[in-house]
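Enquirer: pasting the sequence and the predicted coordinates here, then a few questions.
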Protein chains: 4
Amino acid sequence: MFEQNQIWDELSLDEEEFTPKQKKIITAAVEIFAEKGYAATSTSEIAKKAGVAEGTIFRHYRTKKELLLSIVAPMMAKMIAPFVIKDINRVLDKNYDSLEDFLRAMIKNREVFLEKNIQLFRILVQELPFHQELQGQFKEHIAAKIYTRMEKVVRHYQEKGDIIDMPPESVFRLFLSTIFGHLMARFFILPPDQWDDEKEMERTIQFLVKGLSPNE
Amino acid sequence: MFEQNQIWDELSLDEEEFTPKQKKIITAAVEIFAEKGYAATSTSEIAKKAGVAEGTIFRHYRTKKELLLSIVAPMMAKMIAPFVIKDINRVLDKNYDSLEDFLRAMIKNREVFLEKNIQLFRILVQELPFHQELQGQFKEHIAAKIYTRMEKVVRHYQEKGDIIDMPPESVFRLFLSTIFGHLMARFFILPPDQWDDEKEMERTIQFLVKGLSPNE
Amino acid sequence: MFEQNQIWDELSLDEEEFTPKQKKIITAAVEIFAEKGYAATSTSEIAKKAGVAEGTIFRHYRTKKELLLSIVAPMMAKMIAPFVIKDINRVLDKNYDSLEDFLRAMIKNREVFLEKNIQLFRILVQELPFHQELQGQFKEHIAAKIYTRMEKVVRHYQEKGDIIDMPPESVFRLFLSTIFGHLMARFFILPPDQWDDEKEMERTIQFLVKGLSPNE
Amino acid sequence: MFEQNQIWDELSLDEEEFTPKQKKIITAAVEIFAEKGYAATSTSEIAKKAGVAEGTIFRHYRTKKELLLSIVAPMMAKMIAPFVIKDINRVLDKNYDSLEDFLRAMIKNREVFLEKNIQLFRILVQELPFHQELQGQFKEHIAAKIYTRMEKVVRHYQEKGDIIDMPPESVFRLFLSTIFGHLMARFFILPPDQWDDEKEMERTIQFLVKGLSPNE
DNA sequence: TATGAATGAGACTTCATTCAT
DNA sequence: CATGAATGAAGTCTCATTCAT
C-alpha cells in the first residue's frame, strides 16, 4: 500500500536530487539509526548495508553528524506541514465545524504521516535529547510554528465555547500529551492485534473533547 | 533542599554496600549518561569525572553495560513502589474517596519521586529503546505490575461511576499519556518560570477527571 | 642464497594477493611470534615493526588470532606437500631402491624446507599446545594425511624386508622422533659450528636403517 | 596410586616450608600454566582457582615470573636426579650388565617420573623457548650435568662393544630423540587406549639397541 | 563519482602490581 | 599473613575520516 521509497517524499525538499548510491545510503542509515541509535551506529555498518564503499558516504556528507541532520531536518519540515495551511482560519470556519471533527481529522492525518515515517519519527524522538542542533531546529520549526498556529485554533474553539477557558499553552500541552500517547501506543508499544484503531481513536477524541470542555 | 546523594535511596536495594569510589563512579556515570546518552559516553570520561582510575570502574562492573544496568535496574524497582502498597483496596476505600483525590495524590507522589530522580528517569527513558535487557525488565516490572494494580483502581472508580465504561487498558493509556506529558513538560520542556505547578496540576487533574467521566 | 621474502612461497596459497602493507605485517608478525610467542606479542609491537598503523592490522585480520592462523595454516599445507606426491608407489619402485636412499631424500628435502621456514616452523611448534584450532588443523592435515602416505611406504619396505615386522604406527613414531630430533638439534639447539651436517645426517640415517632393520 | 599433591616431592627442595595458601597458589598456577601457557595466564585467574586474594600471590612471589621460575626450577633439579647417582660407574658395572637393561631401567624411571609430573614437564617444555632464565638453567643443570654423566655411560658401552664408535654427543642426541619421542607419544599424543606401554617400550628399546649397535 | 586501504585517536577492557587495612 | 580495592599502563579492537587511485 505504501511504497518502500516514500521516505523520499519526506526527505527531499523537492529540489534536491539524489544519486542512487546516496539513496541507498540514506535508506540504510535511517534503518540502522532507528534501530540502534545514532551513537551506536558505525558508518561502516551503514556502508555495508547500503552496499557502497565507506568513502562514498563521506563524499556526500562531510561527517556522520551531517548525515543524521540531513535525515532528520527535512522530517521536521514535513511534520509541521498540515499546520502551515495558508488560511487556517478559513479552514476552521468551513471545514471543521466542531472540535471533534477537527481533532479527528488532525489525528488521522498524523497517523497516516507516521505510518509512512515511523523510522524517521523514531530517530527524531530518540536523538532529540542528545543533539543541540536538533533541539534548536525543533524549537524553531516545530514548537514555535505549530504552537503559533495551534494557539489560533484553540482560541477559535474557546470562543465557540467548545474548549474551557484556560491558557492556550496548557490546552496545547494536554492536547499534545494525549495525541503523542495515542500515537506511541499505536506505533511503538502495543502489538497491532491488541489495538483496534477505530475504537481507540474515538476514545482518544472523546477523552480530549470532554477533558477540554468547559465546566458544567 | 534535596541532598545530592539521595540517588542512593533509589539505587541501593537497601542491602548493598558501596565503596566511596564506587559511589563516585555511579554519580559520575548517572550525570554523563543522562546528558549524552550511554553510547556517547566513554568510560574514560566517567573515570575522569569520578576522580578514579579507569580500571577502577571495571573492578566494580565487568562491562560498561553492566554499569548502565546497575544504575537503571534499581530505578525501575523504585518506580513501582507506590503501586505495590499492600492493601490498595483499603487505600482506595478509605483514603481516596474521590477519583480526583486519588489522582492528585498519585501525581504529587510521582512528582516528588521524579524531582529526586530526574537524571535516572532521563536515562531510563532515553536508553529504553536501545537495550533489550531494559525492555525486558521494564515490561516485567513496570508494565505488568503497575498495570495489574491500576486495573483494580480503574474498575473501582468505574463501579463508583467516576470513570466511563471503557476497557481499563484504554483508561490506563489515556491516564498515563496525560501524566507522562505533565511530568515531561514540568521537568524537561518548560523552563520553571513558565510553569506554575499548582495551577498546572489542577488543570491536569480536571482534564483527566472530566475526560474520563461517564457521558452525561 | 634464500631470499628474505620466500615466506610468500609458503603463505600464499598461490591465489591470494597481498598488499605491500599486508606483507609487512605478516613479515613482522612471523618474526615476533617466533621470538616471543603469540601471547606475549602485542599488536602494537607488530605494527611498529611493520611500519604501519595498528589499525591497519585489523583491517586485514579481524583479530590477532586470525593473524596467527593466517600465518600458520598455510604452513601446514606446505609441510605435507612432499607426501602428497600423486603416485608415491611408483616413486618408491623407481626412485628409491633402498630405504636408505628414501630416508636420505626425505630428510634432505625437509631440511631444505625447514631452512626456508624456520620461523614459521617455530611458531607452529610453539603454539600448537595452546590453540585448539591449530591442533584440529594439524591432526586433519598433517597427522592424518602424512600418516596415510607413510603407512604405504612403511609396508612397502617391510615387504621388501628392509623394515622389521612391527605395527606401522610404531615405525612411524620411531621414524618421526628421530627426524624431529635431528632437525631440532640442527636448527634450534646446536650452534652451527658444532654441527657437521653431512656426517650427522649419515649417522641419523644409519641409526634409523639399523634400528628399524629386521632382527638377525 | 599417585597422590595429587606429590608435586611437593618435586618442588620443595627439601628444606622449604610452604604455607597452605602457598601450596594452593602453586597447585593452581601449575595447572593453568600447563593448560594455557605462562603468558596467557593471569594472576587473577590463578588467585581465583587457588581461592586466595590476588595480593596473596605477590606476598610470596615478587612477580609473576618469579612464580613461574619457582615452579620450573626445582623441576629441573629433579630431572637430573637419576643421573647424579654418586657412583655411576659402579652402577654400570654391577647393575646393568647390558645396554638393554640400562635403557629399560632409564626409560622406566623417567616414565614414572613424568607420570607424576606431566604438568610440570609440559610447562618446562612449553616455556623453555621464551625465557632466557630457563634456558640458562636448563643448559647449566640439565644439558651440562646430564651430558657429562651420559658421556661416561656411552663410552662405557662403546668400550664394551655395545655401541657403535661415534661421537658421544651424537649418540646422546639419537638417544634423547628416541626417548623424548617415546615419552611425548605416551603422554601427550596418543590416547591411552592406543598405547600398549609394555610393547612400545620394548620396541623403543630394541630400536635404540639395534640403531646404536656397531656395524656387523 | 566512487572506491577501499590506511590512519591514529580513542574505545573498552585486562593486567601485574601496590598498599592500607 | 592475608586481603581486595585501587591503579595506570598496556592490550585488543573500532571508528570516523582521508586520500590516492
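Expert: Sure thing, it's come through.
Enquirer: determine the longest helix present in chain A.
Expert: helix A:99-127 (DSSP state H).
Enquirer: is any residue of that one near chain B?
Expert: Yes. Residues of helix A:99-127 contacting chain B under Cβ under 8 Å from any Cβ of the partner chain: A:122, A:126. All C-beta spots, glycine's among them, are computed from the backbone N, C-alpha and C.
Enquirer: near DNA strand F, which residues of chain A?
Expert: Counting by Cβ under 7 Å from any atom of the strand, chain A comes close to DNA strand F at A:41-45, A:54-55, A:57-59, A:62-65.
Enquirer: including pLDDT, could the residues you listed go into TSV?
Expert: Shown next, in TSV, are the residues of chain A next to DNA strand F (pLDDT from 0 to 100):
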residue	pLDDT
A:41	97
A:42	97
A:43	97
A:44	97
A:45	97
A:54	95
A:55	95
A:57	97
A:58	96
A:59	95
A:62	96
A:63	96
A:64	97
A:65	97
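Enquirer: tell me the centre residue of chain A?
Expert: Centre of chain A computed as the mean C-alpha position; nearest residue by Cα atoms, centre = their mean is residue A:79, 4.5 Å away.
Enquirer: residue A:113 is in contact with that one, correct?
Expert: Yes. With contact defined as Cβ atoms under 8 Å, residue A:79 reaches residue A:113; the gap is 7.4 Å.
Enquirer: where do the helices of chain A begin and end?
Expert: All helices of chain A, identified by DSSP H, fall at A:7-11, A:20-36, A:43-50, A:54-60, A:64-80, A:88-94, A:99-127, A:132-137, A:147-160, A:168-184, A:197-212.
Enquirer: let me have those helices in CSV, adding distance to residue B:190 as columns.
Expert: What follows is these, written out as CSV (distance: least, Cβ to Cβ, whole Å):
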stretch, distance to residue B:190
helix A:7-11, 29
helix A:20-36, 28
helix A:43-50, 36
helix A:54-60, 38
helix A:64-80, 20
helix A:88-94, 25
helix A:99-127, 18
helix A:132-137, 14
helix A:147-160, 12
helix A:168-184, 8
helix A:197-212, 19
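Enquirer: who wins for proximity to residue D:107 among those helices?
Expert: Between residue D:107 and these, the tightest spacing by Cβ to Cβ is seen for helix A:43-50, at 59.2 Å.
Enquirer: for that closest one, name the packing helices and strands.
Expert: helix A:20-36, helix A:54-60 (3 or more Cβ pairs under 8 Å, 6 or more residues apart in numbering or on different chains; DSSP states H and E).
Enquirer: for the nearest residue to residue A:45 once chain neighbours are set aside, list the residues it contacts.
Expert: Excluding its sequence neighbours, the residue lying closest to residue A:45 (Cβ to Cβ, 6 or more residues apart in numbering or on different chains) is residue A:32, at 6.0 Å. By Cβ atoms under 8 Å, 6 or more residues apart in numbering or on different chains, the contact set of residue A:32 is A:41, A:45-46, A:49.
Enquirer: repeat that for residue A:185.
Expert: For residue A:185, the contacting residues are A:195, A:200, B:173, B:177, by Cβ under 8 Å, 6+ apart.
Enquirer: only the buried subset of these, as a PyMOL command please.
Expert: Selecting only the buried entries of the contacts of residue A:185 in PyMOL, with 16 or more other Cβ atoms under 10 Å in any protein chain shown as the criterion:
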select buried, (chain A and resi 200) or (chain B and resi 173+177)
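Enquirer: export the contacts of residue A:185 as TSV, with columns for pLDDT and distance to residue D:98.
Expert: Formatted as TSV, those follow (pLDDT from 0 to 100; distance: Cβ to Cβ, whole Å):
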residue	pLDDT	distance to residue D:98
A:195	91	95
A:200	95	100
B:173	95	97
B:177	96	99
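Enquirer: interface residues of chain A facing chain B?
Expert: Residues of chain A lying near chain B (Cβ under 8 Å from any Cβ): A:36-37, A:39-40, A:122, A:126, A:129-130, A:166, A:170, A:173-174, A:176-178, A:180-182, A:184-185, A:200, A:203-204, A:206-208, A:210-213, A:215.
Enquirer: just the buried residues out of those residues, in ChimeraX syntax.
Expert: Listed next is the ChimeraX selection for buried residues among those, using 16+ other Cβ under 10 Å:
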select /A:36,37,39,122,126,129,130,166,170,173,174,176,177,178,180,181,182,184,185,200,203,204,206,207,208,210,211,212,213
